[in-house]
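In: Pasting the sequence and the predicted coordinates here, then a few questions.
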Amino acid sequence: MGSKGEEISSVIKQKIVEFNKELSMVDSGVVVEVGDGIAQVHGLSGVGFNELVEFDGGAYGMALNLEEDGVGIVILGDPKGIKEGTEVRGTGRVVEVPVGEGLIGRVVNALGEPIDGKGSVESSVSREIELVAPNVAIRKSVDTPLQTGIKSIDAMVPVGRGQRELIIGDRSTGKTSVAVDAIINQKSEDVVCIYVAIGQKAGKVAQTVGLLESHGAMDHTIVIAANASDPAPMQYLSPYSGCAMGEYFMHKGQDVLIVYDDLSKHAWAYRQMSLLLRRPPGREAYPGDVFYLHSRLLERSARLDDEHGGGSITALPIIETLAGDVSAYVPTNVISITDGQIYLEPELFNAGIRPAVNAGLSVSRVGSSAQTKAMKGVAGRLRLELAQYSELVTFAQFGTSDLDDATRNQLERGQRATEILKQVQNAPLTLEQQVTILFALTKGLMDDVEVSEIQNFERDFHVYMASNHSDLLNKIADSKDIGKDLESSLENAINDFKKSGFRND
């Protein structure tokens, strides 16, 4: 019996020696108050800002308020299972989203979870949604155009790869249409597109996805939807999630176009969260860090130098103004962060000038650096002439009888330019199509065409050039320049078209 006891004790001793269980400390706390998607938690002393926390029951939240006696957490998803006394644990990591090629063609929520009914997302890589922007030393100057296919933008306010160009205007002035056209135009440009819908109706997002699918644009696009019915934290996270997905491709050396539609609703979601977290309100009830909210997002758009892959993220943030007030708090914040703005004017939109780009208030701080030589040659003075024309129209409405010839000619050229820059929605044009029609305008070869016939002239002209002078179009597309030889050939082609292909009735 003694020997058996000794045997058992030796086995126990051996097990104790071999026992090598690693102890891990878990930072935990308890919910003391919950409501409106916000949980006030006692404990969690080691939690960090923006850290992901897990509630008993599997729900997740994000720590935003770090206070002396507790933590304010926004709940991601359905808060129904969370009540007073629920335990909360820190995870030691910030919110991450899946990234990679498997997301292309999918519609996902702000956490990267699929919501399009097409099964799970194939992705083995995840990325933190909040990362520091690339520093200035590894950035490259913006000198490569990102063609939107929209004449008024590519000619007057060009967008370069790595640029941040704001689209601003009142409600229902065609802001989303401009962004969607730019996405459709990247079909043959080898650019990955990301469309972030923030606070929109689910029906409108479905309509946009359907439009992209019908034009074959979903093959290179990721859609992130944080709908109006979703909680404010999901609307707040969605642009950062989209940016993280874009950075995966940028660091692989690819070009990315990301649309934030729109950052006004993003700021509203953040304001709602902040007020519920009892942060002190400032101007227009926004918290004081609302500028930092957008600056840390948009600064992540860049063009990297060749040593770091040469990829880029081009951002088209959208801001909605109220009654054309661009001097409001959030619009002025975002204008100061971005590299220019495309201002869509309600008066132009209502007058049938679409896209309703105001040539005087729209500007690109990158300018002609982001244009091809061909586009520079034909559109150099177009924006200035249109801005002058809009000023002259005000005086001309009192009567044209006492105007001198130079002013009358300027008005007529401005009328034709306005007609040429009108464009049908979801029909972006190639570089060579834009260059050839703008060449005809700026060289005065359309001065004898009636203003009412300008759009018919353009439609027939594109058909004529494609069927009779495809070699000329190919040369412009390949060289991205119009030399003396091409200029002469193009002028002859336009004159031949006027004689045979178009009747100015």
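Out: Alright, I've got the coordinates. Residues are numbered from 1 along each chain as shown.

In: only C-alpha atoms for contact and neighbour calcs from this point on.
Out: Fine.

In: how about the helices in the stretch 201-350 of the chain?
Out: 202-214, 232-250, 263-276, 290-298, 329-337, 346-350 (DSSP state H, counting those that start in this stretch).

In: most tightly surrounded among the ones you listed?
Out: helix 232-250 (a mean of 25; mean count of other C-alpha atoms under 10 Å).

In: which SS class is Arg354?
Out: Here Arg354 is coil, with the state taken from DSSP: H, G, I helix; E, B strand; the rest coil.

In: and it, how far is that from Gln425?
Out: Remark: distance between Arg354 and Gln425 (C-alpha to C-alpha, to the nearest Å) = 8 Å.

In: Can you add distance to Asp190 and give the helices of the stretch 201-350 of the chain back as TSV?
Out: Formatted as TSV, those follow (distance: least, C-alpha to C-alpha, whole Å):
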stretch	distance to Asp190
helix 202-214	16
helix 232-250	12
helix 263-276	26
helix 290-298	22
helix 329-337	27
helix 346-350	32
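
In: hmm, back to that, more neighbours: Arg354 and Gln425, which one.
Out: Arg354 (22 against 14; other C-alpha atoms under 10 Å).

In: so the more buried one sits right up against Lys422, yeah?
Out: Yes - counting by C-alpha atoms under 8 Å, Lys422 is a contact partner of Arg354 at 5.3 Å.

In: Would you single out the least confident of the helices of the stretch 201-350 of the chain?
Out: Lowest mean pLDDT within those: helix 346-350, at a mean of 93.

In: which residues are in contact with that helix?
Out: Gly169, Asp170, Thr173, Gly324, Arg354, Pro355, Ala356, Val357, Asn358 (C-alpha atoms under 8 Å, 6 or more residues apart in numbering).

In: Tell me the helix or strand right after it.
Out: Later in the chain than helix 346-350, the nearest helix or strand by DSSP states H and E is strand 363-364.

In: Can you pull the residues that touch both of Arg354 and Lys422?
Out: Overlap between the contact sets of Arg354 and Lys422, as judged by C-alpha under 8 Å, 6+ apart, is nil.

In: can you give me the end-to-end distance of stretch 343-357?
Out: Start-to-end span of stretch 343-357 (C-alpha to C-alpha) is 6 Å.

In: Pull up the gap between the residue nearest the centre of the chain and Leu166, please.
Out: Averaging the C-alpha coordinates of the chain gives a centre point, and the residue nearest to it by C-alpha atoms, centre = their mean is Val259 (1.5 Å). Applying C-alpha to C-alpha, the value for Val259 to Leu166 is 10 Å.

In: Which neighbours do the two have in common?
Out: Contact criterion C-alpha under 8 Å, 6+ apart; residues shared by Val259 and Leu166: Leu316, Pro317, Ile318.

In: Look up the closest residue to the first one, ignoring the ones flanking it.
Out: Once its chain neighbours are removed from consideration, Leu316 has its nearest residue in Val259; the separation is 4.8 Å (C-alpha to C-alpha, 6 or more residues apart in numbering).

In: I'd guessed that neighbour sits against Ala182; true?
Out: No - applying C-alpha under 8 Å, one finds Val259 not in contact with Ala182, separated by 9.5 Å.

In: Tell me, please, the helix or strand in this protein that averages the lowest pLDDT.
Out: Lowest by mean pLDDT, DSSP states H and E among the helices and strands of the chain is helix 2-18, with a mean of 72.

In: just to revisit the earlier point, I'd like to know which of the shared contacts of Val259 and Leu166 is nearest to Asp471.
Out: Set against Asp471, the nearest of the shared contacts of Val259 and Leu166 by C-alpha to C-alpha is Leu316 (34.0 Å).

In: how close does that closest one sit to Lys499?
Out: Counting by C-alpha to C-alpha - Leu316 and Lys499 are separated by 42 Å.

In: So those two - more neighbours on which side?
Out: Legend: neighbour count by other C-alpha under 10 Å for Leu316 and Lys499, higher for Leu316 (27 against 11).

In: what residues are up against that one?
Out: Applying C-alpha under 8 Å, 6+ apart to Leu316 gives the contacts Arg164, Glu165, Leu166, Ile167, Ala179, Leu257, Ile258, Val259, Tyr260.

In: Out of the residues you listed, the closest to Ala396 would be?
Out: Nearest member of the contacts of Leu316 to Ala396, counting by C-alpha to C-alpha, is Ile167, at 30.4 Å.

In: before we move on, what SS does Thr91 have?
Out: strand.

In: where in the stretch 251-400 of the chain is pLDDT low?
Out: When residues are selected by pLDDT under 70, those of the stretch 251-400 of the chain lie in 398-400.

In: and what of the stretch 401-505 of the chain?
Out: Counting by pLDDT under 70, the ranges of the stretch 401-505 of the chain that qualify are 401-402, 501-505.

In: Can you show me the helices along it?
Out: Going by DSSP H, counting those that start in this stretch, the stretch 401-505 of the chain shows helices at 405-420, 431-442, 454-468, 470-479, 484-496.
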